[in-house]
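[1] Starting from these lines, generate the structure:
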Amino acid sequence: MLWFESNGSHRHLRVTLFDPSLTAARKSLRATLRARRRSVSPTDRARAAQLVARNADRYLHLQEGWRIAVYASLPTELDTAPLIELARRRGCHVYVPRIDRHSLGRKMRFVELTGRQRRNRLGIHEPESSRMMGARWLDVVFLPLVGFDACGVRLGMGGGYYDRAFAFRRWRVAWHAPRLIGIAYSFQQVEGLTAAAHDVRLDAVVTEERIVKCAIG
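    This next block holds a predicted model:
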């Protein structure tokens, strides 16, 4: 474990640099939550997707001209199609993540969701467009997740793409743009997750039931 401690206006944070037991615990929790997510019926999934889109708009008040990044959902994930449609109706510029497998470290980039689309190797539709937006210049990013806690610690799929793309946020003191908003079913919230050193925390999570504003500092 590594502790940062100070007084006054500086915060303290406990993080884990490397802990095999933490890795094993996350793997087990990830498997449990993914299984529960797969068990959601198509009817409940569709209903939850509509409620998440509504709650996101009520919380953020999506504005014309905003640069919004939204992941294209897999069949086992909470569907983001209603949220994407709503953002477009509000006049937002919508971007989706794309993994550049030819770049060093397989970086995540954000491509505008416009024009012709193609299926990637996972069967997800993605734009053929080359119109990119840097992660620093997005206004809001909706992130997929497997689990989360009230402090904004996010349990993802383990690839670390979002943590690397938004690593710059860990060093900012005042300006925390873009806002990072998780998308999840309410049952994906857990009691507590130990943050790893590379974790970038969420500002909030939108579920079908409520908005969870995360205590990130």
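[2] Quick check: the residue sitting nearest the centre point of the chain vs A69, distance?
    In the chain, the residue lying closest to the centroid (C-alpha atoms, centre = their mean) is L143, at 1.6 Å. Distance, L143 to A69, using C-beta to C-beta, to the nearest Å: 9 Å. C-beta: built from backbone N, CA, C; applies to glycine.
[3] Identify the residue spatially nearest to the residue nearest to the centre of the chain, adjacent ones excluded.
    Leaving aside its chain neighbours, L143 sits nearest to G182 (5.2 Å; criterion: C-beta to C-beta, 6 or more residues apart in numbering).
[4] Neighbours of that neighbour, how many?
    Counted with other C-beta atoms under 10 Å, residues neighbouring G182 total 25.
[5] Please identify which helix or strand holds it.
    Per DSSP states H and E, G182 falls inside strand 179-183.
[6] Each with direction, which strands does the following helix or strand past that strand pair with?
    Next in sequence after strand 179-183, counting helices and strands by DSSP H and E, comes strand 204-206. According to DSSP bridges, strand 204-206 forms sheet pairs with strand 179-183 (parallel), strand 211-213 (antiparallel).
[7] And strand 204-206, how far out from the chain middle?
    For strand 204-206, the gap between its own C-alpha mean and the chain's C-alpha mean amounts to 9 Å (C-alpha atoms, centre = their mean, to the nearest Å).
[8] Give me the residues contacting stretch 156-171.
    26-27, 30, 97, 99, 105-108, 135-136, 141, 143-146, 154, 176, 178, 180, 198-200 (C-beta atoms under 8 Å, 6 or more residues apart in numbering).
[9] how about the strands in the protein?
    In the chain, the segments counted as strands under DSSP state E are 2-4, 13-15, 67-70, 93-99, 108-112, 117-119, 125-127, 132-133, 140-143, 147-148, 154-155, 179-183, 204-206, 211-213.
[10] which residues does R136 contact?
    168, 177-178.
[11] Recalculate using a threshold of 10 Å.
    Applying C-beta atoms under 10 Å, 6 or more residues apart in numbering, we find R136 in contact with 165-166, 168-169, 177-178.
[12] So of these, which two are at opposite extremes in space?
    Maximum pairwise distance in these, criterion C-beta to C-beta, is 13.7 Å, between A165 and A177.
[13] what do these two both touch?
    136, 138, 141.
[14] where's the dip in pLDDT among these?
    Among these, R136 carries the lowest pLDDT, at 91.
[15] hang on, isn't I68 packed against L83?
    Yes. Counting by C-beta atoms under 10 Å, I68 touches L83, with 8.8 Å between them.
[16] Find residues that contact each of the two.
    Joint contacts of I68 and L83 (C-beta under 10 Å, 6+ apart) are 56, 62, 94, 142.
[17] wait, doesn't the residue nearest to L143 sit right on V206?
    Yes. Using C-beta under 10 Å, G182 is in contact with V206, at 7.1 Å.
[18] between these two, what contacts are shared?
    Residues touching both G182 and V206 by C-beta under 10 Å, 6+ apart: 142, 212.
[19] Pull the number of nearby residues for P144.
    For P144, using other C-beta under 10 Å, the count is 20.
[20] For it, which residues are in contact?
    So P144 contacts 70-74, 77-78, 80, 97, 154, 156-157, 162, 182-184 (C-beta under 10 Å, 6+ apart).
[21] Which of the residues you listed are buried? Put it as a PyMOL command.
    To isolate the buried subset of the contacts of P144 in PyMOL, counting by 16 or more other C-beta atoms under 10 Å, use the following:
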select buried, resi 70+71+72+73+77+78+80+97+154+156+162+182+183+184
